[in-house]
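> okay, predicted coordinates and the sequence, questions at the end:
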Amino acid sequence: MPYDGIGYEGDIENQEDFRNPRKRRLAMKKQNYLIPIGLMLFALFFGAGNLIFPIFMGQNAGIDTIPAIIGFLLTGVGFPILAVAAIGYSGHDLEKLTSRIHPGYAIFYTVALYLTIGPAFAIPRTATTSFEIGIAPFFSPDMKQTALYGFAFLFFLVSWWLSSTPSKLVSRIGKVITPALLLFLAILFLSATLAPIGSWQEATPSYQPSMKALTQGFLDGYNTMDALAGFVFGIIVVNAVRQYGAKNNAEVASDTLKSGVIAGLCLAVIYVFLACIGASSVSEMGIKENGADVLVAVAIHYFGNYGRILMGLIVLLACLTTSVGLITACGEYFKK
């Protein structure tokens with residue numbers, strides 16, 4: 001049977017959907033919304049740790065950066081997307097998913113997880129990390145404590161405003177904040193690609209030999225905590241794809257997975273660039289104490305004092321989107 005671009009001649013349903021202008025417009029609109037949803041998910045995942053860990057790993061891995069990146073991508077990208085896909089496949093939140101083990105265990109595990117990546121640890125860290133990297137360098141030591149209180153108040157005020165309307169997360173984060181974050185990162189990556197800082201050096205003992213670099217990168221990727229966050233952010237994606245047209249479990253699972261793949265590709269590309277920048281920086285800057293110092297030093301190397309501003313914007317946007325996602329997810333769960 002001849003191929004008509006949509007289905008075979010006998011596939012009457014597909015042909016009718018294609019010839020129906022309204023159905024065709026709805027299908028195209030749905031596909032177009034998967035990109036903002038995927039970018040929203042990427043932004044929810046991408047916090048300060050996602051900037052700090054890969055670039056610091058690259059510094060330490062040196063010539064063994066490639067196997068280290070492979071291990072990092074397995075747990076830093078693969079596990080989170082699998083977690084999101086699991087929530088999409090079930091169509092329920094984490095408590096409902098884990099209740100298959102035992103209802104009591106489901107409540108205990110879900111509450112513990114939400115508290116760990118929420119108000120007990122990760123949410124406060126979004127404000128302090130963005131302050132230390134992006135804001136603190138502009139204040140004298142005796143003013144830092146006061147500045148931190150003022151910054152944290154404004155930071156969480158904006159986070160609350162964005163989180164108070166979950167139905168607008170896709171339009172605000174996926175269409176506005178995330179493209180701005182990616183633009184600032186692209187400026188840094190383009191500069192590093194056109195003018196590498198230096199050559200890759202010998203790996204530190206914790207990343208030698210290559211197999212050890214692979215396993216250490218595996219652990220570094222898990223330290224981003226995105227494997228756990230995927231179970232929390234998954235329900236946000238499920239609600240978003242339902243809001244934009246997914247009508248049954250199969251569509252919810254498919255659209256959630258597609259959004260997760262978009263987010264995963266963005267994460268993977270950024271991790272590779274950051275690790276390579278870290279590996280190339282050692283010959284000129286030496287091994288720094290942490291990834292935050294590497295980020296700031298690299299930004300200053302390429303852009304001088306303006307580099308502090310650029311890095312401040314990158315970290316601020318990254319931490320803000322993660323804070324919004326965690327507050328939204330925790331708020332919806334504990335309200336229920």
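Everything's here; your move.

> just checking, what packs against the host helix or strand of A253?
In this assignment (DSSP states H and E), A253 forms part of helix 249-285. Under the contact criterion of 3 or more CB pairs under 8 Å, 6 or more residues apart in numbering; DSSP states H and E, helix 249-285 touches helix 21-45, helix 48-61, helix 65-73, helix 79-90, helix 178-194, helix 226-243, helix 291-303. All C-beta atoms are positioned from the backbone trio N, CA, C, and that covers glycine.

> find the nearest non-adjacent residue to A299, please.
G307 (3.3 Å; CB to CB, 6 or more residues apart in numbering).

> tell me who's in contact with that neighbour.
Neighbouring residues of G307 by CB atoms under 8 Å, 6 or more residues apart in numbering: 296, 298-301.

> mind checking the SS state of it?
When classified by DSSP: H, G, I helix; E, B strand; the rest coil, G307 comes out as helix.

> how close does it sit to K288?
Distance from G307 to K288, counting by CB to CB, to the nearest Å: 15 Å.

> hang on, the earlier thing: and the residue nearest to A299, what pLDDT?
With respect to pLDDT, G307 scores 82.

> who's in contact with stretch 230-240?
Outside stretch 230-240, the residues that reach it (CB under 8 Å, 6+ apart) are 37, 40-41, 44-45, 79-88, 91-94, 97, 113-114, 117, 166, 169-170, 252, 256, 259-260, 325-326, 328-330, 332.

> over to stretch 92-107?
By CB under 8 Å, 6+ apart, stretch 92-107 touches 86-87, 90, 109-110, 113, 231-232, 234-235, 333.

> from the chain's centroid, how far away is it?
Computed by CA atoms, centre = their mean, to the nearest Å, the chain-centroid distance of stretch 92-107 equals 25 Å.

> ok, stretch 252-269 next?
That offset, for stretch 252-269, works out to 11 Å (CA atoms, centre = their mean).

> if we can go back for a sec, in TSV, list the helices and strands packed on helix 249-285 along with mean pLDDT.
Formatted as TSV, the helices and strands packed on helix 249-285 follow (pLDDT from 0 to 100):
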stretch	mean pLDDT
helix 21-45	70
helix 48-61	88
helix 65-73	95
helix 79-90	90
helix 178-194	84
helix 226-243	85
helix 291-303	85
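
> mean neighbour count and distance to G278 added to those, as TSV?
Listed next are the helices and strands packed on helix 249-285 as TSV, based on neighbours: other CB atoms under 10 Å; distance: least, CB to CB, whole Å:
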stretch	mean neighbour count	distance to G278
helix 21-45	18	20
helix 48-61	26	3
helix 65-73	24	8
helix 79-90	22	21
helix 178-194	17	10
helix 226-243	23	19
helix 291-303	20	6
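
> quick one: which of the ones you listed is nearest T129?
helix 48-61 (3.9 Å; CB to CB).

> and the closest one, what does it pack against?
Counting contacts by 3+ CB pairs under 8 Å, 6+ apart, helix 48-61 is packed against helix 65-73, helix 122-130, helix 210-222, helix 249-285, helix 291-303, helix 306-335.

> just want the angle from the first one to helix 79-90.
Read that as helix 65-73. Here the directions of helix 65-73 and helix 79-90 differ by 30 degrees (axes from the mean of the first three to the mean of the last three CA atoms, to 10 degrees).

> what does helix 65-73 contact?
When contacts are defined by CB under 8 Å, 6+ apart, helix 65-73 is touched by residues 53-54, 57-58, 61, 200, 207, 210-211, 213-221, 268, 271-272, 275-276, 278-279.

> any of those residues buried? List them.
53-54, 57-58, 61, 200, 207, 213-214, 216-218, 220-221, 268, 271-272, 275-276, 278-279 (16 or more other CB atoms under 10 Å).

> so what's L185 up against?
Neighbouring residues of L185 by CB under 8 Å, 6+ apart: 270, 273, 314.

> what is the neighbour count of the first one?
In other words, I270. I270 has 21 neighbours, counted by other CB atoms under 10 Å.

> pull up the gap between the residue lying closest to it once chain neighbours are set aside and P124, please.
Of all residues not flanking I270 in the chain, L185 sits nearest, at 6.3 Å (CB to CB, 6+ apart). Noted for L185: a distance of 24 Å to P124, by CB to CB.

> again, but for D293
Here D293 is placed at a distance of 21 Å from P124 (CB to CB).

> again, but for S167
26 Å.

> more neighbours: these two, which one.
P124 (14 against 9).

> mind listing what the more buried one touches?
Neighbour list for P124: empty [criterion: CB under 8 Å, 6+ apart].
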